[in-house]
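Undergrad: sequence first, predicted coordinates after that:
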Amino acid sequence: MLKYITSRLLMLIPVLIGVSILAFSLIHLVPGDPARSILGEKATAAQLEALRNELGLNDPYVVQYGRFLGHILQGDLGKSIQSKESIGVELIQKLPATIELAIFAMVIAIVIGVLAGVIAAVKQYSWFDNISMTVSLFGVSLPIFWLGLMMIWIFSVTFNILPPSGRLTTGVELNTITNFYLLDSILTGNWVALKDAFLHLLMPGIALATIPMAIIARMTRSSMLEVMRQDYIRTANAKGLRKTIIIFQHALKNASLPVLTVVGLQFGLLLGGAVLTESIFSWPGVGRYVYLAVLGRDYPVVQSTILVIAAIFVFVNLITDILYKYLDPRIKYE
Amino acid sequence: MESVKPLLEVKNLHTHFFTKTGVVRAVDGVNFDVKPGETLGIVGESGSGKSITAMSILGLIPSPPGRIVDGEILFKGEDLLKKSENQMRQIRGKEISMVFQDPMTSLNPVFSVEKQMVETVLAHEKVTKKQARDRAIELLNLVGIPDPSKRVKNYPHEFSGGMRQRVMIAMALACNPSLLIADEPTTALDVTIQAQILELFKKMQKELDMAIIMITHDLGVVAEVCDRVLVMYAGKPAEFTDTKKLFDQGKHPYTLGLMNSIPKISPNKEKLIPITGLPPNLGDLPKGCSFAPRCKHVMDSCLSIDPTLQEIDENHFVRCLLYEESKKAVTT
Ligand SMILES: Nc1ncnc2c1ncn2[C@@H]1O[C@H](COP(=O)(O)OP(=O)(O)OP(=O)(O)O)[C@@H](O)[C@H]1O
Ligand SMILES: [Mg+2]
């Protein structure tokens, strides 16, 4: 097992090199000029040229890429062109926001999605099955920005019961340790902040959860239907086990294998930063960070953040594979 | 033997499937009984309703589309068809347990053998986990699995087919059932392993004093282990008698056909005579005897009259117009 993990981590290196080249090329292919976006429309050609020289943007691409890679290898993610801050430091602020939101959304999606899928499968063709599967069909194709705006309009504007943006209400104090606000408020016993952070998570969390939830529900249903027909379920019935044990242990553990694949993939996507959701709810995460960096042609931020996201994505995949092994003893990793 | 009260009595059982294309009469008027400690064989071609009969006894007919529309299943004198799902659950795996055909797919692949055996014991008996675990090891030892205290930790895929079937049998024996239903337990196994598993059934029966219903399409298996035999055709009983009587004086043309088509049993070893034709579509049965279209002795009346089960001799039941005196007289 340890050998497997090590080899997977070693495989990370070529993947990341590939991603770094891709990220570097993409951002340089997009038309636009970092110097122009910093200095504004009124800057003179000489000023622009001077800044470009200072930023090293006039060097050949190979040199620029080499410099980028060199810094990365030393564990230095570089500095933002716009804020002049260290990207590493900024990511330590933004990543927990994104991860917290992604986990929150994923928990909603898994709990509701799996439960709905199981019930729909066990009561196939019932009204619950029909309704939940129709709803999930809509859920998959729901435009998130529309859903987000609707929620803000209903819950924040009309009824004023949920905060429309940010992670905490201004004025609510929280001593951050990990930058995961729920965790930090529990660690510091700050119940006011806990409630506030939770309320802030609700709307973006639900918006973000919709698509994965719908996919998980449909996947769980079809997987459960498949499993419930298997001989070992008949055996479990013939042994006189309770229905709940048969469904939630014998069937669900088998059915969860394909569901896990979907969960891993979706979670990876959410971790990559939900650009739309983070923008709508002004969530200070990596999605919004990259989005703003692209707009401002902040090359180092885009390159480094994409690299970090890719690493996280691969890491989540690795965890998924390890979970697979736990769920299915037939899988052997060598 | 005569006066022994039967352990199980199946009377006039009808299990039908109500499908979109019509009613499938999978089991259509089956009668038999099982005495304590005996082995009853149920033989018949594929689709004759053997498994559905067994599943009806355990109350595991998938519904919809299946339903037991008529009949009684008396177990220790009580009608199982009148029991609630909860009561049935307490009978399954404890009083009546079952071993299935394919050991490769009948065990849950993601749970260890230990977990699957322990949960069976715990579902029916008030014992601690530790006691259940000890019982599992003891059972594996009983069915001949070497090094059981270590093997119990293994997962199904770590056993061979024959070993898995032993595990299935051990699991079925977990709560000392008084009736074990084995649905083609050796069909999926190698010939040499088949013989070992049959031996195991015989040994277990002797040691644990339980009755067995051995479902098979192999008359060789019947000859090997069964005391009495029910021959089924198209959801109905064709013949029901002692094993010896069946082989010596089998009467139903279908029984005779089965015997002639099996190398081991056939008296004239050179000439194997397979039964021609196919079993009827259970959703659209012909009028009269359902075997008539394939029967060598078919008479005009067979095409219109569906025969009833007759006791032509002591403990020898046949469902065929050839042996139904009154109706035979009409046609000749
Ligand atoms: N769910 C179902 N829906 C409709 N028909 C069914 C269903 N299950 C079984 N049947 C029908 O019941 C009939 C009897 O099936 P059964 O499984 O009892 O046969 P069998 O004698 O055990 O055959 P085999 O030797 O192949 O196991 C089959 O012809 C099948 O078409
Ligand atoms: Mg069968």
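TA: Done, it's in. Ligands and ions are numbered 1, 2, ... in the order given.

Undergrad: and residue B:14, helix, strand or coil?
TA: Secondary structure, DSSP: H, G, I helix; E, B strand; the rest coil: residue B:14 is strand.

Undergrad: next, the contact list for the residue lying closest to it once chain neighbours are set aside, please.
TA: Closest residue to residue B:14 apart from its sequence neighbours, by CB to CB, 6 or more residues apart in numbering or on different chains: residue B:70 at 4.1 Å. (Glycine included, C-beta is placed from N, CA and C.) Contacts for residue B:70 (CB atoms under 8 Å, 6 or more residues apart in numbering or on different chains) come out as B:12-14.

Undergrad: helices of the stretch 51-200 of chain A, start to end?
TA: With DSSP state H, counting those that start in this stretch as the criterion, the stretch 51-200 of chain A has helices at A:61-73, A:87-122, A:127-141, A:144-151, A:181-187, A:191-228.

Undergrad: in the second one, what counts as buried?
TA: Translated: helix A:87-122. A:87, A:90-91, A:94-106, A:108-110, A:112-114, A:116-122 (16 or more other CB atoms under 10 Å in any protein chain shown).

Undergrad: what does the stretch 151-300 of chain A put close to chain B?
TA: Within the stretch 151-300 of chain A, the residues that sit near chain B (CB under 8 Å from any CB of the partner chain) are A:230-232, A:234-242, A:245, A:250, A:253-254.

Undergrad: filter those down to the buried ones and hand me the ChimeraX line.
TA: Written as a ChimeraX command, the selection of buried residues from those, which uses 16+ other CB under 10 Å, is:
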select /A:230,231,232,234,235,236,237,238,239,240,241,250,253,254
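
Undergrad: closest one to residue A:303 out of the residues of the stretch 151-300 of chain A next to chain B, please.
TA: Proximity of those to residue A:303 (CB to CB) peaks at residue A:253, which lies at 41.9 Å.

Undergrad: out of the helices of the stretch 51-200 of chain A, which gets nearest to residue A:174?
TA: helix A:191-228 (4.2 Å).

Undergrad: pLDDT on the closest one, on average?
TA: Helix A:191-228 comes out with an average pLDDT of 94.

Undergrad: same check on stretch B:273-290?
TA: So the average pLDDT for stretch B:273-290 ends up being 79.

Undergrad: near residue A:22, how many other residues are there?
TA: Taking other CB atoms under 10 Å in any protein chain shown as the criterion, the count of residues near residue A:22 is 14.

Undergrad: again with the one 10 residues further on
TA: By other CB under 10 Å, the residues close to residue A:32 number 13.

Undergrad: who's in contact with it?
TA: residue A:297.

Undergrad: contacting residues around residue A:162?
TA: Here residue A:162 is in contact with A:151, A:155-156, A:199, A:202-203 (CB under 8 Å, 6+ apart).

Undergrad: what's the separation between the residue of the stretch 51-200 of chain A found nearest chain B and residue B:169?
TA: For the stretch 51-200 of chain A and chain B, the shortest gap (CB to the nearest CB) falls at residue A:125, measuring 9.4 Å. Going from residue A:125 to residue B:169 by CB to CB, to the nearest Å gives 37 Å.

Undergrad: per-residue pLDDT, the residue of the stretch 51-200 of chain A closest to chain B?
TA: At residue A:125, the predicted lDDT confidence score is 87.

Undergrad: contact partners for it?
TA: Taking CB under 8 Å, 6+ apart, we find residue A:125 in contact with no residue.

Undergrad: now do 10 Å
TA: residue B:64 (CB atoms under 10 Å, 6 or more residues apart in numbering or on different chains).

Undergrad: now do the contacts for residue A:96.
TA: When contacts are counted by CB under 10 Å, 6+ apart, residue A:96 touches A:167, A:176, A:178-181, A:183-184, A:284-286.

Undergrad: which ones among the residues you listed map onto strands?
TA: Among these, no member is found in strands (DSSP state E).

Undergrad: just put the residues you listed in JSON lines and tack on pLDDT.
TA: As requested, those are exported to JSON lines (pLDDT from 0 to 100):
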{"residue": "A:167", "pLDDT": "91"}
{"residue": "A:176", "pLDDT": "87"}
{"residue": "A:178", "pLDDT": "90"}
{"residue": "A:179", "pLDDT": "90"}
{"residue": "A:180", "pLDDT": "93"}
{"residue": "A:181", "pLDDT": "92"}
{"residue": "A:183", "pLDDT": "92"}
{"residue": "A:184", "pLDDT": "92"}
{"residue": "A:284", "pLDDT": "92"}
{"residue": "A:285", "pLDDT": "91"}
{"residue": "A:286", "pLDDT": "91"}
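
Undergrad: before we move on, the earlier item: which among the contacts of residue A:162 count as buried?
TA: Judged by 16+ other CB under 10 Å, buried ones among those: A:151, A:155-156, A:202-203.

Undergrad: among the residues you listed, which pair sits farthest apart?
TA: Counting by CB to CB, the most remote pair of those is A:156 and A:202, 10.8 Å apart.

Undergrad: okay, and the common contacts of those two?
TA: Going by CB under 10 Å, 6+ apart, residues that sit against residue A:156 and also against residue A:202 are A:162-163.

Undergrad: circling back: tabulate the helices of the stretch 51-200 of chain A (JSON lines), appending distance to residue B:323.
TA: Formatted as JSON lines, the helices of the stretch 51-200 of chain A follow (distance: least, CB to CB, whole Å):
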{"stretch": "helix A:61-73", "distance to residue B:323": "91"}
{"stretch": "helix A:87-122", "distance to residue B:323": "49"}
{"stretch": "helix A:127-141", "distance to residue B:323": "52"}
{"stretch": "helix A:144-151", "distance to residue B:323": "75"}
{"stretch": "helix A:181-187", "distance to residue B:323": "81"}
{"stretch": "helix A:191-228", "distance to residue B:323": "45"}
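
Undergrad: how about those in TSV, adding distance to ligand 1?
TA: Converted to TSV, the helices of the stretch 51-200 of chain A look like this (distance: least, CB to the nearest ligand atom, whole Å):
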stretch	distance to ligand 1
helix A:61-73	61
helix A:87-122	17
helix A:127-141	19
helix A:144-151	42
helix A:181-187	49
helix A:191-228	13
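
Undergrad: contacting residues for residue A:317?
TA: Residue A:317 neighbours (CB under 10 Å, 6+ apart): A:8, A:12, A:261, A:264-265, A:267-268.

Undergrad: what subset of the residues you listed is buried?
TA: Those of these that meet the buried threshold are A:8, A:264-265, A:267-268, by 16+ other CB under 10 Å.

Undergrad: tell me the least confident of those?
TA: Out of those, that is residue A:8, at 81.

Undergrad: domain map for chain A?
TA: With automatic domain parsing as the criterion, the domains of chain A are listed as A:2-73, A:89-327.

Undergrad: tell me the most buried of the ones you listed?
TA: Mean neighbours per residue, mean count of other CB atoms under 10 Å in any protein chain shown, is largest over the domains of chain A for domain A:89-327, with a mean of 19.

Undergrad: now for that one, what's the gap between its first and last residues?
TA: With CA to CA, to the nearest Å as the measure, the ends of domain A:89-327 fall 37 Å from one another.

Undergrad: close to ligand 1: what parts of the stretch 1-150 of chain B are there?
TA: Contact residues (CB under 6 Å from any ligand atom) of the stretch 1-150 of chain B with ligand 1: B:17, B:19, B:24, B:26, B:44, B:46-52, B:62, B:65-66.

Undergrad: sorry, back to before: export the domains of chain A to a markdown table and append columns for distance to residue B:80.
TA: A markdown table is the format used below for the domains of chain A (distance: least, CB to CB, whole Å):
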| stretch | distance to residue B:80 |
| --- | --- |
| domain A:2-73 | 51 |
| domain A:89-327 | 13 |
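
Undergrad: cool, thanks, talk later.
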